[in-house]
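**Q** dropping the sequence and predicted coords here.
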Amino acid sequence: MEQLIEGARALQIRLTPEHLEALRIYQHMLVEFNQHFNLTAITDDEGIQIRHFLDSLSCFQALESGERFSGKAVIDVGTGAGFPGLPLKLLCPGMKLTLLEATAKKVSFLEQVTARLGLTDVTITHGRAEELGQQPEHREHYDWAIARAVADMPILAEYLLPLVKVGGRVLAQKGEGAPAEVQRSEWAIQQLGGRVRRLVPVELRGLAETRYLVILDKVAATPPQYPRRPGMPNKRPLMPKVA
Ligand code: SAH
């Protein structure tokens with residue numbers, strides 16, 4: 001775990017022995033579950049620790065001075081095996097976390113791992129972002145909607161922005177193509193009541209590529225027609241009509 005500890009320190013995050021023990025259990029369960037069901041393509045120790053755990057923890061860089069996730073309602077959309085939501089929750093127990101995942105097997109893993117880690121205030125929901133975005137109990141309910149590796153930015157904006165309350169934020173973890181992706185999605189973001197706040201470049205120890213946190217502000221209510229029905233955001237991503 002040395003690489004992870006060092007990498008976290010470079011992000012100004014101190015991992016305690018309790019954090020490390022929880023992450024060890026999580027890692028073990030990932031590897032174990034993955035032998036029966038394909039949860040993640042990354043299964044080596046270093047890959048899990050850097051590309052999953054450390055990369056998830058880099059989301060703390062989205063917070064500005066004095067801000068915390070503690071006490072905030074956060075939804076991780078398309079969380080898969082729990083990334084980035086679960087590592088954030090492990091370090092920030094006061095966060096009110098909802099994990100949303102469309103695949104039943106992954107939901108089953110999430111239930112097992114959260115039970116084993118004794119996490120409270122985690123809601124695991126089996127469903128699609130397009131459905132939750134139209135449900136009154138989820139629509140415009142969250143302080144933060146976050147996602148990693150779920151969809152291209154114009155599509156992701158339609159998944160995430162409807163879930164966020166006005167005054168809340170979106171956090172999308174993206175690769176080096178982020179600036180171009182954001183540019184292509186500016187029209188969609190505006191239609192959905194969002195505005196680009198900033199892009200935070202992130203360097204992870206042991207990884208050559210630059211990663212980005214794309215942060216959007218929710219500045220206006222999302223029009224009721226969004227999100228469109230399941231599959232539509234992906235089939236017809238929101239793009240300006242060219243004359
Ligand atoms: N965020 C995780 C998983 C990425 S894979 C990680 O970074 O490791 C993308 C996941 O999103 C898959 O598990 C898929 O089932 C889920 N997903 C894709 N579209 C979705 C949608 N519209 N609503 C909910 N989950 C979705």
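**A** Here it is on my side, so go on. Residues are numbered from 1 along each chain as shown.

**Q** residues touching Lys174, list them.
**A** Met153, Glu181, Arg211, Tyr212, Leu213, Val214 (Cβ atoms under 8 Å, 6 or more residues apart in numbering). The C-beta positions use only the backbone N, C-alpha and C, and glycine is treated the same way.

**Q** restricted to strands, list the residues you listed.
**A** If you go by DSSP state E, the contacts of Lys174 have Arg211, Tyr212, Leu213, Val214 in strands.

**Q** max-length strand in this protein?
**A** If you go by DSSP E, the chain has its longest strand at strand 164-174.

**Q** paired strands for it, with orientation please.
**A** Looking at strand 164-174 with DSSP bridges, its partner strands are strand 142-148 (parallel), strand 211-218 (antiparallel).

**Q** who in the protein is up against the ligand?
**A** Contact residues, the chain versus the ligand (Cβ under 6 Å from any ligand atom): 77-80, 83, 100-103, 106, 128-130, 148-150, 159.

**Q** looking at the strands paired with strand 164-174, which is buried most?
**A** A comparison of these by mean neighbour count, using mean count of other Cβ atoms under 10 Å, puts strand 142-148 on top with a mean of 25.

**Q** give the contact list for Gln27.
**A** Each residue near Gln27 by Cβ under 8 Å, 6+ apart is listed here: Asp45, Ile48, Gln49, Phe53.

**Q** roughly how far apart are it and Asp121?
**A** Separation of Gln27 from Asp121 (Cβ to Cβ, to the nearest Å) stands at 23 Å.

**Q** longest single helix anywhere in the chain?
**A** Among the segments of the chain that qualify as a helix by DSSP state H, the longest is helix 17-34.

**Q** before we move on, back to that, dump the contacts of Gln27 into CSV; add neighbour count, pLDDT and secondary structure as well.
**A** Shown next, in CSV, are the contacts of Gln27 (neighbours: other Cβ atoms under 10 Å; pLDDT from 0 to 100; DSSP: H, G, I helix; E, B strand; the rest coil):
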residue, neighbour count, pLDDT, secondary structure
Asp45, 12, 89, helix
Ile48, 22, 95, helix
Gln49, 23, 95, helix
Phe53, 25, 97, helix
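
**Q** hmm, who's touching the worst-scoring helix or strand of the chain on mean pLDDT?
**A** Comparing helices and strands within the chain by mean pLDDT, DSSP states H and E singles out helix 45-47 as the least confident, with a mean of 90. The set of residues that contact helix 45-47 without belonging to it, under Cβ under 8 Å, 6+ apart, is Gln3, Gln27, Gly206.

**Q** and Ala243, what pLDDT?
**A** Looking at Ala243, its pLDDT reads 57.

**Q** center of the chain, which residue is that?
**A** The residue lying closest to the centre of the chain (Cα atoms, centre = their mean) is Ala147, at 2.7 Å.

**Q** find the nearest non-adjacent residue to that residue, please.
**A** The spatially closest residue to Ala147, leaving aside those adjacent along the chain, is Val77, at 4.6 Å (Cβ to Cβ, 6 or more residues apart in numbering).

**Q** Provide a list of residues in contact with Pro136.
**A** Taking Cβ under 8 Å, 6+ apart as the definition of contact, Pro136 has no neighbours.

**Q** tell me how far it lies from Pro162.
**A** Remark: distance between Pro136 and Pro162 (Cβ to Cβ) = 12 Å.

**Q** go on, Val202?
**A** For Val202, the distance to Pro162 equals 26 Å [Cβ to Cβ].
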